[in-house]
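Colleague: Predicted structure and sequence below. I'll ask about it afterward.
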Amino acid sequence: MHVEQISIFLENKSGRMAEVCQILADAGVNIRALSLADTSDFGVLRLIVDKSPEAGTALRKNGFTVRLSQVTAVKVADKPGGLLEILNVFNEAGINIEYMYAYANPAGGTAIMVFRLEPLDKATELLTEKGFTLLSIEDLSGL
């Protein structure tokens with residue numbers, strides 16, 4: 001099971017993040033998770049939203065460069081070593097983690113990790129076999 005992620009390339013200047021959020025709000029799009037990484041000249045904003053097609057259209061119409069990709073959202077035990085359990089599965093299988101970020105779920109007693117994995121299909125199949133819970137966008141939107 002995969003979740004669609006939107007990556008947006010932003011100039012590293014004041015107000016750009018607010019501009020993205022305004023565009024999404026005007027389009028009726030709710031942000032479910034995000035990560036922002038920067039370099040000296042630009043940032044990469046990664047978003048999981050409830051309405052990816054609408055978000056992509058609105059952002060492109062307003063001049064943003066947008067890329068869609070597939071990521072995996074996994075429930076992680078909220079205890080010392082919870083993340084390590086998943087990382088060990090990846091390590092033993094030779095699965096590469098390109099990047100990851102957390103999605104907080106304090107009400108559910110678990111953490112949720114979002115992974116960009118290679119190879120993606122092998123990774124998600126392995127996680128399912130090992131009993132980890134993979135989440136869809138509908139699952140994430142309901143938290």
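Modeller: All right, it came through fine.
Colleague: got the contact list for the top strand by length along the chain?
Modeller: Using DSSP state E to assign secondary structure, the strand with the most residues in the chain is strand 65-77. Under the contact criterion Cβ atoms under 8 Å, 6 or more residues apart in numbering, strand 65-77 has outside partners 1-9, 33, 48, 52, 56, 59-60, 82-83, 85-86, 103, 108, 110-117, 120, 123-124, 127, 132-136, 139-140. C-betas here are computed from N, CA, C, even on glycine.
Colleague: From those, list the buried ones, please.
Modeller: Buried members of those, counted by 16 or more other Cβ atoms under 10 Å: 2-6, 8, 33, 48, 52, 56, 59, 83, 86, 103, 110-117, 120, 123-124, 127, 132, 134-135, 139-140.
Colleague: quick one: which of these sit in helices?
Modeller: Counted as lying in helices by DSSP state H, out of these, are Ser52, Gly56, Leu59, Leu83, Ile86, Leu120, Ala123, Thr124, Leu127, Asp139, Leu140.
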